[in-house]
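Engineer: With the sequence up front, the predicted model follows.
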Amino acid sequence: QTNFKLLTCAGVLCCLIWNGFAQQGGSDCIKANAKSCGECIQAGPNCGWCKKTDFLQEGEPTSARCDDLAALKSKGCPMEDIENPRGSKQLLENREVTNRKKGAAEKLKPEAITQIQPQKLSLHLRVGEPQTFSLTFKRAEDYPIDLYYLMDLSYSMKDDLENVKSLGTALMLEMEKITSDFRIGFGSFVEKTVMPYISTTPAKLRNPCTGDQNCTSPFSYKNVLSLTSEGNKFNELVGKQHISGNLDSPEGGFDAIMQVAVCGEQIGWRNVTRLLVFSTDAGFHFAGDGKLGGIVLPNDGKCHLENNVYTMSHYYDYPSIAHLVQKLSENNIQTIFAVTEEFQAVYKELKNLIPKSAVGTLSSNSSNVIQLIIDAYNSLSSEVILENTKLPKGVTISYKSFCKNGVNGTQEDGRKCSNISIGDEVTFEINITANECPKKEQNETIKIKPLGFTEEVEINLQFICECQCQSEGEPNSPACHAGNGTFECGACRCNEGRIGRLCECSTDEVNSEDMDAYCRRENSTEICSNNGECICGQCVCKKRENTNEVYSGKYCECDNFNCDRSNGLICGGNGICKCRVCECFPNFTGSACDCSLDTTPCMASNGQICNGRGTCECGTCNCTDPKFQGPTCETCQTCLGVCTEHKDCIQCRAFDKGEKKETCSQECMYFNMTRVDSREKLPQPNQPDPLSHCKEKDVDDCWFYFTYSVNSNGEAHVHVVETPECPSGPDIIPIVAGVVAGIVLIGLALLLIWKLLMIIHDRREFAKFEKEKMNAKWDTGENPIYKSAVTTVVNPKYEGK
């Protein structure tokens with residue numbers, strides 16, 4: 001029972017907390033001050049509109065119909081009356097990606113190969129609610145390739161042209177290892193045909209080279225060979241090309257790239273992988289440089305090829321880098337810059353500005369161009385980067401990539417995957433969110449595609465800006481004051497010039513004093529209790545900054561935040577404040593709902609409320625006997641201990657002795673007694689009744705053991721060990737022997753210590769004597785008048801023989 005009550009209290013508390021969070025979340029809905037269901041659902045993804053006709057209380061504005069779903073439900077709005085349209089997605093085209101092997105018997109057309117899935121879908125977007133879908137990309141094996149070789153034919157590229165003349169067949173052989181469907185084309189460029197880029201003298205126009213060099217006339221761009229699968233034709237036509245010349249070092253390659261990108265029909269581009277190889281040994285002119293030749297019109301980004309020659313180079317300026325990026329991306333062209341070592345740094349910077357482009361180092365005579373193209377193609381095709389068309393206003397998109405080997409990316413890295421091999425499949429998770437509704441509420445279409453690929457995903461965006469019930473509205477409804485508004489979604493949407501909850505007033509009547517009289521309480525001068533505005537003779541209560549605090553009532557005289565508080569909480573958190581009075585939850589009472597009717601906290605361990613010594617009031621024991629205190633009246637600071645209190649009675653009944661021996665039958669019959677053989681047989685503390693284990697001395701200084709317990713009926717029961725433990729007398733002989741032995745041992749120890757001290761003292765004295773003896777010195781001077789009595793005579797003839 002106790003556990004059940006605890007679980008109930010915990011559940012109520014959780015509900016309160018959850019409801020508090022729900023109301024906090026609904027604050028955005030209330031702050032939107034929505035006048036219609038459409039405005040409400042645009043306020044946030046968690047906002048709903050209650051269309052129940054009698055939902056609003058007196059004084060509440062129409063905007064109170066818009067709130068968090070949980071708040072609406074708690075206010076009594078049935079779920080079937082809550083308008084809450086949700087977003088959705090629908091796949092319109094969802095062909096599986098193609099599993100195709102090189103050399104397979106089937107020969108698919110390029111348009112029949114699918115590398116991206118899905119292809120088309122529709123999203124229904126509600127403001128603030130993201131819609132997510134997965135996009136799968138798989139590099140198809142043996143995918144067709146179109147390669148256009150665009151070469152600088154200024155005089156410095158003379159030796160390169162000789163190597164390029166045999167490029168067609170050689171490149172065909174290499175590309176057969178990658179694809180069985182390969183086409184190649186060729187174009188050339190020099191410079192704009194105006195001063196100061198070229199010399200315009202008649203002789204130089206015929207042959208811009210010096211000496212006996214035979215050069216062709218200068219030109220801007222020429223499409224020599226449209227894309228073809230005949231490598232021999234490439235060799236033949238390129239072999240007929242001649243070098244030309246110009247005056248300045250930078251070339252007009254940007255004009256040529258623009259025409260290659262936009263002249264799809266003349267070049268012959270298919271909807272396959274499109275590669276543009278740009279080969280040069282010089283820099284480039286870009287937008288603004290045309291002013292040197294008097295050309296100021298910006299490049300229009302259109303095709304101007306006549307007879308395969310660019311005819312408007314003298315009329316339009318060079319394109320800008322951004323313009324080139326746009327056109328290359330629109331036409332799914334991947335660019336490979338094959339440039340000499342001298343200009344590597346310049347073109348690497350250009351590569352960083354042009355997505356899906358690569359830079360390779362061209363040898364001085366272009367002998368390595370085939371390997372350069374193969375390496376650059378492998379580099380470009382190993383990376384997929386998603387891009388999307390321009391998004392409608394208020395729509396955002398985010399990407400998350402799931403690449404090979406468990407590599408995931410988010411934000412900008414979520415758009416791409418690297419190190420993709422042929423046959424690899426990668427997935428992108430795409431979120432699209434509408435943050436506002438378009439003004440015209442029209443559908444929009446965006447497209448997502450991998451850079452450099454022609455395939456794309458088409459996404460139709462349909463915005464949820466109105467509720468279903470709005471289409472069921474009744475114009476000029478009788479419910480709106482004789483047809484002064486449209487009754488929709490449970491409320492009136494007033495016609496122009498009409499106001500009020502039921503459109504009952506015209507705008508001319510708003511400030512009428514007669515109307516204000518209906519907004520005053522009896523015997524009061526305050527309009528709407530100073531908590532609202534009088535509109536059409538009805539109080540519309542004002543909103544507080546804290547959206548959980550609400551004024552209500554016919555005169556806005558009620559609120560839900562001025563009730564009594566307990567522990568800093570309105571109604572102690574155990575009730576709901578209605579019109580400044582607490583309505584308590586079950587098991588709570590009091591003006592602040594701070595008095596709990598639950599007796600569980602008062603329940604003592606013996607199953608009695610307050611141990612039978614008090615009453616339970618608001619979950620707390622009020623002890624009737626002032627001696628007792630504690631949570632369950634279990635403590636008595638001035639009372640004797642249980643053991644001391646009962647020991648005399650137990651002693652007289654169990655052993656027939658003690659202070660109460662004479663009066664035992666009169667004073668000590670209030671408990672039941674059971675004798676046991678030993679201490680081990682006494683009751684243990686794990687029994688349900690409160691139990692005290694006691695050890696006391698009797699009049700003979702013997703210890704006796706007993707337990708005292710009181711059951712739920714208040715009956716006392718004593719278990720006592722029938723044999724007391726009496727201490728035995730002392731053994732004299734061991735004590736005397738011990739004392740004597742101790743005295744002897746102490747005497748011997750003192751003698752040993754004295755002897756040891758004497759030895760140490762003697763040794764120190766002897767060492768001191770030896771030291772003084774060594775330090776003693778005696779004088780040894782001779783007497784000056786002393787003569788020895790010994791005379792030594794030497795025989796002069798003695799030879800020592």
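Structural biologist: Done, it's in.

Engineer: before we move on, what SS does Gln666 have?
Structural biologist: helix (DSSP: H, G, I helix; E, B strand; the rest coil).

Engineer: Count the residues that sit near it.
Structural biologist: 8 (other CB atoms under 10 Å). Any C-beta I mention is one placed from the backbone N, CA and C, and that applies to glycine too.

Engineer: Repeat that for Gln326.
Structural biologist: Neighbours of Gln326 under the rule other CB under 10 Å: 14.

Engineer: Apart from its neighbours in sequence, what residue is nearest Ser379?
Structural biologist: Setting aside the residues directly before and after it, Ser379 is nearest to Ala358 in space (CB to CB, 6 or more residues apart in numbering), at 5.2 Å.

Engineer: Need the phi and psi values for that neighbour.
Structural biologist: phi -140, psi 160 (degrees, to the nearest 10).

Engineer: Surely it and Ile373 touch.
Structural biologist: No. Applying CB atoms under 8 Å as the test, Ala358 and Ile373 come out as separate, 9.7 Å apart.

Engineer: who touches both of the two?
Structural biologist: In terms of CB atoms under 8 Å, 6 or more residues apart in numbering, Ala358 and Ile373 are both contacted by the residues Ile336.

Engineer: State the mean pLDDT of the helix or strand containing Ile746.
Structural biologist: Assigned by DSSP states H and E, Ile746 belongs to helix 732-775. For helix 732-775, mean pLDDT is 90.

Engineer: circling back to that earlier point, list the contacts of the residue nearest to Ser379.
Structural biologist: By CB under 8 Å, 6+ apart, Ala358 lies in contact with 334-337, 351, 376, 379-380.

Engineer: CSV for the residues you listed, including secondary structure?
Structural biologist: Listed next are the contacts of Ala358 as CSV, based on three-state DSSP:
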residue, secondary structure
Gln334, strand
Thr335, strand
Ile336, strand
Phe337, strand
Lys351, helix
Ala376, helix
Ser379, helix
Leu380, helix
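
Engineer: Adding neighbour count, distance to Lys771 and pLDDT as columns, could you present those in JSON lines?
Structural biologist: Compiled in JSON lines, those are given as follows (neighbours: other CB atoms under 10 Å; distance: CB to CB, whole Å; pLDDT from 0 to 100):
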{"residue": "Gln334", "neighbour count": "22", "distance to Lys771": "107", "pLDDT": "89"}
{"residue": "Thr335", "neighbour count": "27", "distance to Lys771": "107", "pLDDT": "90"}
{"residue": "Ile336", "neighbour count": "25", "distance to Lys771": "105", "pLDDT": "89"}
{"residue": "Phe337", "neighbour count": "27", "distance to Lys771": "103", "pLDDT": "90"}
{"residue": "Lys351", "neighbour count": "16", "distance to Lys771": "99", "pLDDT": "89"}
{"residue": "Ala376", "neighbour count": "21", "distance to Lys771": "102", "pLDDT": "84"}
{"residue": "Ser379", "neighbour count": "14", "distance to Lys771": "98", "pLDDT": "82"}
{"residue": "Leu380", "neighbour count": "18", "distance to Lys771": "103", "pLDDT": "82"}
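
Engineer: so when I look at Ile576, I'm seeing a helix, right?
Structural biologist: No. Using three-state DSSP, the assignment for Ile576 is strand, not a helix.

Engineer: now it, nearest residue through space, not along the chain?
Structural biologist: Glu583 is the one closest to Ile576 (CB to CB, 6+ apart), at 5.1 Å.

Engineer: before we move on, which element is the nearest residue to Lys390 once chain neighbours are set aside in?
Structural biologist: Distance criterion CB to CB, 6+ apart; nearest residue to Lys390, sequence neighbours excluded, is Ile446 at 7.7 Å. Assigning secondary structure by DSSP H and E places Ile446 in strand 444-450.

Engineer: Flag every buried residue along stretch 298-306.
Structural biologist: Neighbour-count burial for stretch 298-306 flags 299, 301, 303-305 (criterion: 16 or more other CB atoms under 10 Å).

Engineer: Could you give the number of residues near Val581?
Structural biologist: That count, for Val581 with other CB under 10 Å as the rule, works out to 14.

Engineer: can you check Val744 too?
Structural biologist: Using other CB under 10 Å, Val744 has 10 neighbouring residues.

Engineer: what's the nearest residue to Glu341 once chain neighbours are set aside in contact with, if anything?
Structural biologist: The shortest distance from Glu341 to any residue other than its chain neighbours is 5.6 Å, reached at Thr361 (CB to CB, 6+ apart). Applying CB under 8 Å, 6+ apart to Thr361 gives the contacts 339-341, 344, 372.

Engineer: which one of the buried residues of stretch 298-306 is nearest Asn622?
Structural biologist: Gly301 (91.9 Å; CB to CB).

Engineer: That closest one reaches Val325, doesn't it?
Structural biologist: No. Between Gly301 and Val325 there is no contact, the gap being 11.5 Å when judged by CB under 8 Å.

Engineer: follow-up on the earlier one: buried stuff in the helix or strand harbouring the residue nearest to Ile576?
Structural biologist: Using DSSP H and E, Glu583 sits within strand 581-584. By 16+ other CB under 10 Å, the buried positions in strand 581-584 come out as 582, 584.

Engineer: Give the pairing partners of that strand; include direction for each.
Structural biologist: Strand pairing for strand 581-584, using DSSP bridges, gives strand 575-578 (antiparallel).

Engineer: residues making contact with the strand it pairs with?
Structural biologist: The contact list for strand 575-578 (CB under 8 Å, 6+ apart) reads 558-563, 570-571, 582-585, 588, 593.

Engineer: in it, what's buried?
Structural biologist: For strand 575-578, by 16+ other CB under 10 Å, it's 575-577.

Engineer: Ok, stretch 409-420 next?
Structural biologist: So, applying 16+ other CB under 10 Å, buried residues of stretch 409-420: 409, 414-418, 420.

Engineer: cool, and stretch 695-704?
Structural biologist: In stretch 695-704, counting by 16+ other CB under 10 Å, buried: 696, 698, 704.

Engineer: Can you give me the end-to-end span of that stretch?
Structural biologist: 6 Å (CA to CA, to the nearest Å).

Engineer: Endpoints of stretch 575-583, how far apart?
Structural biologist: End to end - CA to CA - stretch 575-583 spans 5 Å.

Engineer: that older thread, would you format the buried residues of stretch 409-420 as a markdown table with secondary structure, pLDDT and distance to Asn523 included?
Structural biologist: As requested, those are exported to a markdown table (DSSP: H, G, I helix; E, B strand; the rest coil; pLDDT from 0 to 100; distance: CB to CB, whole Å):
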| residue | secondary structure | pLDDT | distance to Asn523 |
| --- | --- | --- | --- |
| Gly409 | strand | 85 | 72 |
| Gly414 | helix | 87 | 68 |
| Arg415 | helix | 87 | 71 |
| Lys416 | strand | 87 | 76 |
| Cys417 | strand | 88 | 78 |
| Ser418 | coil | 85 | 81 |
| Ile420 | coil | 83 | 83 |
